[in-house]
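*Asks:* Okay, sequence plus prediction incoming.
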Amino acid sequence: MAADVGLIGLAVMGQNLVLNLADHGYSVAVYNRTTSTTESFVATTTADQDVRATTTLAEFVDSVERPRRVILLVKAGPAVDAVIEDLVGLLDAGDIVIDGGNSLYTDTERRVEGLADHGIRFIGSGVSGGEEGARHGPSIMPGGSEEAWPHVRDMLQAIAAKAGPADDEPCCDWIGPGGSGHYVKMIHNGIEYGDMQVLAEAYLVLTAMGLSPAAQAEIFAEWNQGRLQSYLVEITSGILAATEDGSALIDVILDAAGQKGTGKWTVISAMELGQPMMLVTEAVGARMLSSFVDTRARASALLQGPSTALDPALTPSDVADAVYAAKITSYAQGFMLLADASNSREWDLDLASIAAMWRAGCIIRAAFLDDIAHAYRDAPLLENLLFDHFFTDAINGAAVGLRKTVVAAAAAGVPVPAYASALTFYDGFRTARGSANLIQAQRDYFGAHTYERIDKPRGEWFHTDWAGTGGTARSGSYSA
Ligand code: 2AM
């Protein structure tokens, strides 16, 4: 009998997804470019895991039941196109290809259209949760060819993480057309950059308070019991508790952060859409600055900061508020971007469902995502997360500690870009009349870009001959 599903690409994510599928009763045909990997992997599976090795793509395709369901977990980029090109001639119309790798959403968009020309239904699915998630239940974000969804729904929901009060709500649902599945995964990763930076700043401020990594591990463990409960807070506690030869391991790790680009792509998309995803932008920038290790060492000898110590009135509870307020701000920004992307690309994203899918399995999983899911379930067209009454109250409360933390950190010269950015966004957002009137006047002064007036209807544009030397010509204008 043919296998229920096929999977190509047996690196660690692929292997773990195969085992997850097999544990849920699916028979899986597997193929990998390097055959020895296929053979050694299949040799490790158990008798009750129905995993079948194939050594050529033709044999692989022949061994999967029709309409075929073929999952790709090959290296994102040209490798995905290469495998698709080889597959196209072997598959039949109606077959389904699911790319579960970290593809860029614009590539997915192109592949959905390209394969539709061959009658092949293509799904680009974000899969989050790392190796452990892939093995025991990731968050799965499928998008693309919607008529394929009924054929893969049960399978993907079976292997996904489960959330909710009874742990029976799969963290996998249909995202939308085109590249929307991979787009939502990209935003997940961008938000993850923000969450990590927010916690790294807590570590820096608590360190400036004189708290040892071991003491901080306890604080993070305590935070993990309340509103900050999340996978990243939990592992941060474990990281700060870890020792090597009796000393904190964190103290010997080089402070130069790596990145694979999903944070950067999130920021690029936000810029393109004109959305102020400021906290994640700072998080990406902070990683970039961290990589200049030698230059920073030279700068530390040249550039002076304040000699003031951190304000002793600042407490770990203020820092907890800073973490919470910064997180709320970052998610408000992330959901602004998702809402805009949904509108401009006509994806019709269900924001409540996306928040619900991130409750378990993925790296940003957190109790707090339940609150976001509630907010958008109560009001699908919510203009902004901060307008939901729960979050309005939450940020009004936590902004006090955030402000205290930013002030204390700035006075002592401790860099907290994510907190400062969150506070700036918060203050800017709640300022009904800001300073852009001056920007508009400057633009009109040097470039005759015109301005609107508060005493006239929106859309009426005025120009002033500021220096008394200009003509009456006006420049064309656009709004970002
Ligand atoms: P490999 O074991 O033969 O290298 C992650 O790199 C996965 O993608 C691996 O399973 C790898 O196969 C596969 N991969 C990378 N580039 C590929 C390509 N051009 N064609 C097919 N598979 C590829």
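*Replies:* Received, thanks. These figures come from a predicted structure and were not determined experimentally.

*Asks:* Can you pull the residues of the stretch 1-150 of the chain lying near the ligand?
*Replies:* Counting by C-beta under 6 Å from any ligand atom, the residues of the stretch 1-150 of the chain close to the ligand are 9-11, 14, 32-34, 37, 74-75, 79, 82-83. The C-beta positions use only the backbone N, C-alpha and C, and glycine is treated the same way.

*Asks:* Looking at the residues you listed, which is nearest residue 410?
*Replies:* residue 75 (43.0 Å; C-beta to C-beta).

*Asks:* does the closest residue to that closest one other than its chain neighbours sit in a helix, a strand or a coil?
*Replies:* Once flanking residues are discounted, residue 75 sits nearest to residue 101: 7.1 Å by C-beta to C-beta, 6 or more residues apart in numbering. With DSSP: H, G, I helix; E, B strand; the rest coil as the basis, residue 101 sits in coil.

*Asks:* Filter the residues of the stretch 1-150 of the chain next to the ligand down to just the buried residues.
*Replies:* 9-10, 14, 32, 37, 74, 83 (16 or more other C-beta atoms under 10 Å).

*Asks:* As JSON lines, these with secondary structure would be great.
*Replies:* Shown next, in JSON lines, are these (three-state DSSP):
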{"residue": "9", "secondary structure": "coil"}
{"residue": "10", "secondary structure": "coil"}
{"residue": "14", "secondary structure": "helix"}
{"residue": "32", "secondary structure": "coil"}
{"residue": "37", "secondary structure": "helix"}
{"residue": "74", "secondary structure": "coil"}
{"residue": "83", "secondary structure": "helix"}
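
*Asks:* Columns distance to residue 355 and pLDDT on top of those residues, output as CSV?
*Replies:* Converted to CSV, those look like this (distance: C-beta to C-beta, whole Å; pLDDT from 0 to 100):
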residue, distance to residue 355, pLDDT
9, 30, 98
10, 33, 98
14, 28, 97
32, 35, 98
37, 37, 98
74, 30, 97
83, 33, 98
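
*Asks:* Identify the farthest-apart pair in those.
*Replies:* 37 and 83 (14.7 Å).

*Asks:* Kindly provide the distance from residue 137 to residue 372.
*Replies:* 20 Å (C-beta to C-beta, to the nearest Å).

*Asks:* swap in residue 109?
*Replies:* Distance from residue 109 to residue 372, by C-beta to C-beta: 26 Å.

*Asks:* Please identify which of these two sits among more neighbours.
*Replies:* The neighbour count for residue 109 versus residue 372, taken as other C-beta atoms under 10 Å, is higher for residue 372 (26 against 21).

*Asks:* quick one: secondary structure of the nearest residue to that one once chain neighbours are set aside?
*Replies:* The shortest distance from residue 372 to any non-neighbouring residue, by C-beta to C-beta, 6+ apart, is to residue 355 (4.0 Å). Of the three states, residue 355 takes helix under three-state DSSP.

*Asks:* Residue 355: what's it in contact with?
*Replies:* Counting by C-beta atoms under 8 Å, 6 or more residues apart in numbering, residue 355 touches 335, 369-370, 372-373, 376.

*Asks:* my read: the residue nearest to residue 75 touches residue 9, true?
*Replies:* Yes - assessed by C-beta atoms under 8 Å, residue 101 is found in contact with residue 9 at 7.5 Å.

*Asks:* which residues are common contacts for these two?
*Replies:* Joint contacts of residue 101 and residue 9 (C-beta under 8 Å, 6+ apart) are 72-75.

*Asks:* From those residues, which land in strands?
*Replies:* Among the shared contacts of residue 101 and residue 9, the members falling in strands (DSSP state E) are residue 72.

*Asks:* give me every residue that touches the residue nearest to residue 75.
*Replies:* Residue 101 sits next to 9, 13, 72-76, 80, 127 when contact means C-beta under 8 Å, 6+ apart.

*Asks:* Next, give phi and psi for the residue in the stretch 201-350 of the chain that the ligand sits nearest to.
*Replies:* Evaluated by C-beta to the nearest ligand atom, the stretch 201-350 of the chain has residue 260 as its residue closest to the ligand, separated by 13.3 Å. Main-chain dihedrals, residue 260, degrees, to the nearest 10: phi -110, psi 0.

*Asks:* Now it. Nearest residue, chain neighbours left out?
*Replies:* residue 102 (7.8 Å).

*Asks:* Now do that neighbour against the ligand, distance only.
*Replies:* 11 Å (C-beta to the nearest ligand atom, to the nearest Å).

*Asks:* That residue - how many residues pack around it?
*Replies:* Neighbourhood size, residue 102 [other C-beta under 10 Å]: 21.

*Asks:* next one: residue 192
*Replies:* Residue 192 has 21 nearby residues by other C-beta under 10 Å.

*Asks:* so who does it touch?
*Replies:* Neighbouring residues of residue 192 by C-beta under 8 Å, 6+ apart: 232, 263, 363-364.

*Asks:* Any chance of JSON lines for the residues of the stretch 1-150 of the chain next to the ligand, columns distance to residue 427?
*Replies:* Formatted as JSON lines, these follow (distance: C-beta to C-beta, whole Å):
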{"residue": "9", "distance to residue 427": "47"}
{"residue": "10", "distance to residue 427": "51"}
{"residue": "11", "distance to residue 427": "46"}
{"residue": "14", "distance to residue 427": "47"}
{"residue": "32", "distance to residue 427": "53"}
{"residue": "33", "distance to residue 427": "53"}
{"residue": "34", "distance to residue 427": "55"}
{"residue": "37", "distance to residue 427": "54"}
{"residue": "74", "distance to residue 427": "46"}
{"residue": "75", "distance to residue 427": "43"}
{"residue": "79", "distance to residue 427": "46"}
{"residue": "82", "distance to residue 427": "50"}
{"residue": "83", "distance to residue 427": "49"}
